[in-house]
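> Sharing a model that was predicted from the sequence below.
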Amino acid sequence: MIKGHLQEKGNGKNYYAVISAFDENGKRKQKWINTGIATAGNNKRKAEAKLKEILASYEQGGGVDVFKDYYFADFMIQWLEDMKSEIASTTHASYTQTIDRHILPYFRQRKLKVKDITPAIIRNYINSKLETGLSPNTVRKFLFNISKCLDVAVVDNIIAYNPVKRVKMPTPVKFRGAKRYNEGQIDKLLEISKGSPLEIILLLTLFYGLRRSEILGLRWAAIDFGEKTIAIRHTVVITGGKLHANDRTKNDSSHTVFPMPDMIAQRLTEWRELQEHYKSLQPNDYVDSGYVCTKPNGELLPPNYVSQHFTAMLKKNDLPHIRFHDLRHSSAKFLKGLGFDFKDIQVWLRHGNIQTTMDIYYDLDMEAKENIADTLNSKFEKLAASV
């Protein structure tokens, strides 16, 4: 039962609402809330109306504990700390970077408490981020963090509902900017990479359609030359300027075992022999990291090294600029050209569902339509000529 009365405080300058309620331990406690209404003048009725408003807001909260009065920024920091044991270190590092840069400053500046977060506040937050030029997809990621945090606040009886779930999310924008190499460009890329640290990276990335994190996370222990298989089960990413290695992939479907044909087995054998040669030349300085993709001294190649040297290689050899991740898209284009359908490509690239494959590689489907259009055009031209 929540009760309240008015009390003068601050040398009698303002009316305060004194809220009485039982805490989670069954003990009665009081909370003083400044109504902002001066005691001077005929303001008693105005203060009583404010008291009723305050009491109503608490009563509408149902089981909300009125004494859990946390600032949202502080609560989110604690939530992030509690998440350490539940998510991968790479994911936690990514969350931390996002929250520190794009969430905490906004709510700290406005001194908002958890109970102050309303759907209107969330809508204002969304608009403020979109106005800075951030994409709807990026803002949706921010809201995911905020919503997960507020879910905990609901469970802890700090708020009655999650306001994020009462707001329309920004409409996601499908990525249409992927560029892909054709067969000739792929051949040239593989040729110019020979003898460089990127040689084996580019071959395996294009052959298996791997993500950068997956190719850099490939270890010799995951390659079975007897069974001729390659297991994708370890990743390396850079977040917040630090390398993070993890025995997790992007999703469950990404965790897989690929067959290893003779050509790939031969190239990997040659690459391992080259690593052993480097090791013999620098026995005291070689870093035996256990990774496949390494520098000549055995150290793991960091993600930014790969992207930067990849870009430089393209520029030096007059190849069109593409992102490293576009090699994965090029692999899909290559498979489509070989006659594989979207289901085959989905399985090979390990998308969670076929719709993801079709959304990302929609223009591959357009190529098939263009072939149909060309064929029909030839037929109809003949028909028109015979009329």
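Perfect, thanks for sending it. Numbering: from 1, shown residues only.
> Enumerate every residue touching Gln242.
One thing to correct before we go on: residue 242 is Lys, not Gln. If you count contacts by CB atoms under 8 Å, 6 or more residues apart in numbering, Lys242 has them with Ala93. In this view, the C-beta of every residue, glycine as well, is placed from N, C-alpha and C.
> what do you get if the cut-off is 10 Å, keeping everything else the same?
89-90, 93, 302 (CB atoms under 10 Å, 6 or more residues apart in numbering).
> List just the nearest of those to Pro163.
Ala93 (27.1 Å; CB to CB).
> That closest one - that's part of a helix, no?
Yes: judged by DSSP: H, G, I helix; E, B strand; the rest coil, Ala93 forms part of a helix.
> where exactly do the strands run in the stretch 251-387 of the chain?
Using DSSP state E, counting those that start in this stretch, the strands found in the stretch 251-387 of the chain span residues 256-259.
> Low-confidence regions, it specifically.
251-254, 359-368, 384-387 (pLDDT under 70).
> just the helices in it please.
Applying DSSP state H, counting those that start in this stretch to the stretch 251-387 of the chain gives helices spanning 262-281, 303-316, 326-337, 342-349, 354-360, 362-386.
> Mind listing what's buried along the helix or strand where Gln30 lies?
Secondary structure from DSSP states H and E places Gln30 in strand 28-38. For strand 28-38, burial by neighbour count (16 or more other CB atoms under 10 Å) applies to 31, 33, 35, 37.
> Format those as TSV; extra columns: distance to Ile192.
What follows is those, written out as TSV (distance: CB to CB, whole Å):
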residue	distance to Ile192
Lys31	71
Ile33	70
Thr35	74
Ile37	76
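> returning to that earlier point: just the buried residues from the contacts of Lys242, in PyMOL please.
In PyMOL syntax, the buried subset of the contacts of Lys242 is picked out as below (16+ other CB under 10 Å):
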select buried, resi 90+93+302
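> Reformat the contacts of Lys242 as JSON lines; add distance to Asp341.
Formatted as JSON lines, the contacts of Lys242 follow (distance: CB to CB, whole Å):
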{"residue": "Ser89", "distance to Asp341": "38"}
{"residue": "Thr90", "distance to Asp341": "33"}
{"residue": "Ala93", "distance to Asp341": "38"}
{"residue": "Pro302", "distance to Asp341": "37"}
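> if I pick the residue nearest the centre of the chain, what's in contact with it?
Residue closest to the average C-alpha location in the chain (CA atoms, centre = their mean): Lys141, at 6.7 Å. Lys141 is in contact with 94-95, 98, 102, 134-135, counting by CB under 10 Å, 6+ apart.
> Glu381 too?
By CB under 10 Å, 6+ apart, Glu381 has no neighbours at all.
> What's the separation between it and Glu370?
Distance check for Glu381 against Glu370: by CB to CB, to the nearest Å, it reads 16 Å.
> Also Arg328?
Counting by CB to CB, the gap from Arg328 to Glu370 is 23 Å.
> Could you list the low-pLDDT ranges of the stretch 1-150 of the chain?
For the stretch 1-150 of the chain (pLDDT under 70), the answer is 1-2, 10-12, 21-28, 57-67.
> re earlier: next SSE downstream of the strand holding Gln30?
helix 44-60.
> What helices and strands are in contact with that following helix?
If you count contacts as 3 or more CB pairs under 10 Å, 6 or more residues apart in numbering; DSSP states H and E, helix 44-60 packs onto strand 3-9, strand 14-22, strand 28-38.
> ok, Thr171 - contacts?
So Thr171 contacts 136-137, 140 (CB under 10 Å, 6+ apart).
> Do a quick rundown of the helices in the stretch 101-250 of the chain.
104-109, 119-131, 136-155, 183-192, 199-208, 212-216.
> Just the buried subset of the contacts of Lys141, please.
94-95, 98, 102, 134.
> For Tyr181, state which of the contacts of Thr171 is nearest.
The closest of those, once distances to Tyr181 are taken by CB to CB, is Asn137, at 25.2 Å.
> right, and the closest one touches Leu130 too?
No: at 11.1 Å, Asn137 and Leu130 do not qualify as touching, with contact defined as CB atoms under 10 Å.
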